[in-house]
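> Here is a sequence together with a model predicted from it:
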Amino acid sequence: MDAVIGVLLFLMAVGVYVVCSIYLLHNPYILHKKKHLGFYCKNISHRGGSGEKIESTIEAFTHAVEVGTDMLEMDCHLTLDGYVVVSHDDNLLRQTGYDKTLSSLRFQDLPCYEEKLEVTFYVGHYSSGKDRRFALLEDVFKKFPIMPMAIEIKQNNELLIQKVSNLVKQYSREGITVWATEDSDIMAKCMKQNPSMPYMFTLKRGLLLLLLFYTGLLPFVPLGESLLMFYLPRIINRTYIPEESYLKSRFAVSLLQKLTMRKSLFEHLIKRGLQVQLFVCNEQSDMEAAFAIGATGVLTDYPTLLSNYIKKHPLPPPPPPTTY
């Protein structure tokens, strides 16, 4: 008899937990204060829109802004003489044809970009442009003082992090510049250096987010992040061919799609004031799929295409500010 009562009490407790979890998933304001970011971005230009102009150049960033982008995404590295340069790669072979690292060269000695570059997330497609020079992060800040930007730090380099942070402070950009990196150790240093900047989920924190979601614990847990930036899985092995062997498996990509593209998860995060940005969508059908699943924004190499898509398919306005 005692065993039966114990089982019933356990089932009741589980039932109460499930009901509370589901209710709070849809009504997170009961436990959490909504985040209020200084930007709301639907059109995010990946590397400045690397399908329309040479990636990460001033020309690319200028073009993206002119066609209506809401945010510029970029990566930064440090030259031998201490300049913060906008570049996706440290090794310059892919971008310039020279097998040298950016960090081993002085800024004035950096070679020019190739005349044509293949678009990383759109195999077989190339971009070109008049501007083939590497850009300084400071020059990008000067030219676009109020444009939101996501800056990815790929190397565990404390001097680089410090210099990026100093530039953000110098140009009063803390509220509109995002720390971005997949590495939790790097992110910890970024946050320590400048905790006033919003930041994205790292890979480790993203996995934890999924674990919390599937165990029902997410509604009870506070989140420091402001953005979830993640692959739209359907592009993998179609427009984007990954280096990772495990992502070449159709089963793995299908599983990734089922586990991560959950509208209820995205809706919960958005209600808590976070933004969900999916990448890299270079075809209209992928843009449509990203917004349909609940993304607030899309990263693309083709900002003109995305701007035209949004004009033809108006998206809901951002949620109004609410005080909880």
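Done, it's in.

> so where do the strands sit in the chain?
Counting by DSSP state E, the chain has strands at residues 43-46, 71-78, 84-86, 116-118, 126-128, 135-136, 149-153, 177-180, 227-231, 275-279, 297-300.

> Rebuild those strands as JSON lines, extending it with mean neighbour count.
(C-beta placed from N, C-alpha, C; glycine too.) Converted to JSON lines, the strands of the chain look like this (neighbours: other CB atoms under 10 Å):
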{"stretch": "strand 43-46", "mean neighbour count": "30"}
{"stretch": "strand 71-78", "mean neighbour count": "24"}
{"stretch": "strand 84-86", "mean neighbour count": "24"}
{"stretch": "strand 116-118", "mean neighbour count": "15"}
{"stretch": "strand 126-128", "mean neighbour count": "15"}
{"stretch": "strand 135-136", "mean neighbour count": "19"}
{"stretch": "strand 149-153", "mean neighbour count": "22"}
{"stretch": "strand 177-180", "mean neighbour count": "25"}
{"stretch": "strand 227-231", "mean neighbour count": "22"}
{"stretch": "strand 275-279", "mean neighbour count": "25"}
{"stretch": "strand 297-300", "mean neighbour count": "28"}
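
> so which of the ones you listed comes closest to residue 289?
strand 275-279 (8.6 Å; CB to CB).

> Pairing partners for the closest one, with directions?
Using DSSP bridges, strand 275-279 pairs in its sheet with strand 227-231 (parallel), strand 297-300 (parallel).

> Make CSV from those and add distance to residue 256 and mean pLDDT to it.
Formatted as CSV, the strands paired with strand 275-279 follow (distance: least, CB to CB, whole Å; pLDDT from 0 to 100):
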stretch, distance to residue 256, mean pLDDT
strand 227-231, 8, 98
strand 297-300, 17, 98
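
> Dump those into TSV; add distance to residue 261 as well.
Output for those, formatted as TSV (distance: least, CB to CB, whole Å):
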stretch	distance to residue 261
strand 227-231	9
strand 297-300	13
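
> coming back round to it: kindly reformat the strands of the chain as CSV and extend each row with distance to residue 35.
Formatted as CSV, these follow (distance: least, CB to CB, whole Å):
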stretch, distance to residue 35
strand 43-46, 18
strand 71-78, 17
strand 84-86, 27
strand 116-118, 36
strand 126-128, 35
strand 135-136, 30
strand 149-153, 16
strand 177-180, 13
strand 227-231, 10
strand 275-279, 9
strand 297-300, 15
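
> Spatially nearest residue to residue 156, not counting backbone neighbours?
Residue nearest to residue 156 in three dimensions, not counting chain neighbours: residue 186, with 5.2 Å by CB to CB, 6 or more residues apart in numbering.
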